[in-house]
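Novice: build me a structure from this.
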Amino acid sequence: MSQAVADPQVDVDHTERAWSMPLNEINPASRDLFQNDAIWPYFERLRKEAPIHKAYDEEFGEYWSVTRYEDIMAVDTNHKVFSSDWTHGGITLFDAAEDFRLPMFIAMDPPKHDQQRMTVQPIVAPNNLKNWEGLIRERTGIVLDSLPRGETFDWVDNVSIELTTMMLATLFDFPFEERRKLTFWSDMTTTDPKTLKGGVEEKRGHLLDCLEYFTGLWNERVNSDRPGNDLITMLTRGEATKNMEPMEYLGNIILLIVGGNDTTRNSMTASVYALNKFPGEYDKLIADPGLIPNLSSEIIRWQTPLAHMRRTAVEDFELNGTMIKKGDKVAMWYVSGNRDADVFEDADKVIIDRPNARRQMSFGYGIHRCVGNRLGELQIKILWEEILKRFPKIELMDEPTRTPGCFVKGYTYMPVRIPA
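Specialist: Model (predicted):
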């Protein structure tokens, strides 16, 4: 691709600090550590010395960090003890305000979770993915052919956001010319209100605008005679979803927007970043394009677009020798599990022919495993098939700007250039 881009050096002070500070002072939920890509030595130490670790954050309060692959699996597959239900706090370390909680099926326990998930699952059935492949490829080609040559541009906005937003608009049968609203609402959902001039009220206002817009679409679909194979139509007709309260409808819409946006969008950006960072892997890809499907899995592992999911213990439980008490908040750090050297050799490196890349845990496990994981992988696969048809290389011009916060692990800007 390009000449090797120097690793963004994890600041030496961070490495020294991670291994010298008292364990009880380590807070892996620090937004600054994520934004500066400096979290890795802290997770490495926790995996080695305190894999079940009690931490404190000014915003989130006390919580348990689970950082090893096998322990994360144990929590994620035990929904009877470790609840994701919104009534216990939901799926992020952030506790929503009592008067603005958004129930959604990922933040529900069975049986309601299962019933609502089954309502939308058909949209990512194998037949649908096969039908969409041609459309995804056509759009990908158009976007790539529109990119400038010989000048710097932002890959995040021009490619990653554009392609994922097109797909989201298709999934919802959303007005195509207004599709960037979906990106805005996705970003607003995961934005820390402290970064907004209007704070919590501004964020709340934007999300209520989203509800108003989607309520209009709901009313159109519920009164329509056409079959409809989009997410809104499915929700209007599903036995478990057709009578949802407004905030539950908004919650599920937000879930589907963020789920369809962040994983794919940030993995698309990460793939270009990684193949500049590890240029030998790009040489492998040129030599054997058949590695593209495995590349998709490896990039999703290495990037881990959603850094954590939260659970709340509903009873006392001993996890790997540590007693978790009823009511305790537990963070499953997928981002750490995906770098666990006991599972992934040379875990900090991208290795596109890694034999066990599909063991990545970015999509979660158990009943809450990401419903759209195959669609995300397909979009990344097609992107790289189309890139290899067109460009000898995509050069990273500078380090990307990363999202602040410990939930979405992504990029807001990445300057690249395609040689003329």
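Novice: and the next helix or strand past the worst-scoring helix or strand of the chain on mean pLDDT?
Specialist: None of the helices or strands of the chain scores lower by mean pLDDT, DSSP states H and E than helix 112-120, at a mean of 74. Of the helices and strands lying after helix 112-120 in sequence (DSSP states H and E), the nearest is helix 126-145.
Novice: buried residues in the helix or strand just after that next one?
Specialist: Later in the chain than helix 126-145, the nearest helix or strand by DSSP H and E is strand 152-154. Judged by neighbour count (16 or more other C-beta atoms under 10 Å), strand 152-154 contains these buried residues: Phe153, Asp154. For glycine as for every other residue, the C-beta is placed from the backbone atoms N, C-alpha and C.
Novice: check the offset of strand 152-154 from the chain's centre.
Specialist: Counting by C-alpha atoms, centre = their mean, to the nearest Å, strand 152-154 is centred 23 Å from the centre of its parent chain.
Novice: list the contacts of it.
Specialist: Leu147, Met397, Tyr413, Met414, Pro415, Val416, Arg417 (C-beta atoms under 8 Å, 6 or more residues apart in numbering).
Novice: go through those and say which is closest to Gly251.
Specialist: Tyr413 (29.3 Å; C-beta to C-beta).
Novice: distance of the closest residue to that closest one other than its chain neighbours from Trp155?
Specialist: Spatial nearest neighbour of Tyr413, excluding adjacent residues (C-beta to C-beta, 6 or more residues apart in numbering): Thr401 at 4.2 Å. Using C-beta to C-beta, to the nearest Å, Thr401 is found at 12 Å from Trp155.
Novice: which of these two has more neighbours?
Specialist: The neighbour count for Thr401 versus Trp155, taken as other C-beta atoms under 10 Å, is higher for Trp155 (26 against 14).
Novice: got the CA coordinates for stretch 368-375 in PDB?
Specialist: Taking Å, rounded to 0.1, in the frame of the first residue of the first chain, the C-alpha atoms of stretch 368-375 are listed here in PDB:
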ATOM      1  CA  HIS A 368     -27.100 -11.100  22.200                       C
ATOM      2  CA  ARG A 369     -24.700 -11.900  19.400                       C
ATOM      3  CA  CYS A 370     -24.900  -9.200  16.700                       C
ATOM      4  CA  VAL A 371     -27.900  -9.900  14.400                       C
ATOM      5  CA  GLY A 372     -26.200  -8.200  11.400                       C
ATOM      6  CA  ASN A 373     -22.700  -9.600  11.700                       C
ATOM      7  CA  ARG A 374     -22.800 -11.300   8.300                       C
ATOM      8  CA  LEU A 375     -24.000  -8.100   6.600                       C
END
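Novice: circling back to that earlier point, the residue nearest to Tyr413 against Thr412, yeah?
Specialist: Yes: with contacts counted by C-beta atoms under 8 Å, Thr401 reaches Thr412, the gap being 4.8 Å.
Novice: before we move on, the earlier item: just the buried ones from the contacts of strand 152-154?
Specialist: Here, 16+ other C-beta under 10 Å leaves Leu147, Met414, Pro415, Val416, Arg417 buried among those.
Novice: which residues touch the closest residue to the third one other than its chain neighbours?
Specialist: This means Pro415. Distances taken as C-beta to C-beta, 6+ apart place Met397 nearest to Pro415, at 4.2 Å, with adjacent residues excluded. By C-beta under 8 Å, 6+ apart, Met397 lies in contact with Thr152, Pro415, Val416, Arg417.
Novice: for the third one, give its distance to Ala274.
Specialist: In other words, Val416. 13 Å.
Novice: where do the strands of the protein begin and end?
Specialist: Assigned by DSSP state E, the chain shows strands spanning 52-57, 61-66, 82-83, 152-154, 308-313, 317-319, 322-324, 329-333, 395-396, 401-402, 411-413, 415-417.
Novice: save those as JSON lines, and put in distance to Lys389 and mean pLDDT too.
Specialist: Putting the strands of the chain into JSON lines (distance: least, C-beta to C-beta, whole Å; pLDDT from 0 to 100) gives the following:
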{"stretch": "strand 52-57", "distance to Lys389": "46", "mean pLDDT": "95"}
{"stretch": "strand 61-66", "distance to Lys389": "42", "mean pLDDT": "95"}
{"stretch": "strand 82-83", "distance to Lys389": "45", "mean pLDDT": "94"}
{"stretch": "strand 152-154", "distance to Lys389": "19", "mean pLDDT": "98"}
{"stretch": "strand 308-313", "distance to Lys389": "37", "mean pLDDT": "94"}
{"stretch": "strand 317-319", "distance to Lys389": "48", "mean pLDDT": "96"}
{"stretch": "strand 322-324", "distance to Lys389": "51", "mean pLDDT": "97"}
{"stretch": "strand 329-333", "distance to Lys389": "37", "mean pLDDT": "96"}
{"stretch": "strand 395-396", "distance to Lys389": "18", "mean pLDDT": "96"}
{"stretch": "strand 401-402", "distance to Lys389": "29", "mean pLDDT": "94"}
{"stretch": "strand 411-413", "distance to Lys389": "24", "mean pLDDT": "95"}
{"stretch": "strand 415-417", "distance to Lys389": "18", "mean pLDDT": "98"}
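Novice: any chance of these in CSV, with distance to Tyr282 too?
Specialist: CSV is the format used below for these (distance: least, C-beta to C-beta, whole Å):
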stretch, distance to Tyr282
strand 52-57, 37
strand 61-66, 34
strand 82-83, 40
strand 152-154, 19
strand 308-313, 30
strand 317-319, 40
strand 322-324, 42
strand 329-333, 29
strand 395-396, 11
strand 401-402, 22
strand 411-413, 19
strand 415-417, 13
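Novice: out of these, which comes closest to Met21?
Specialist: That would be strand 52-57 among these, by C-beta to C-beta, at 12.2 Å.
Novice: what sits up against the closest one?
Specialist: 23-24, 26-30, 46, 62-67, 71, 93, 319-322, 324.
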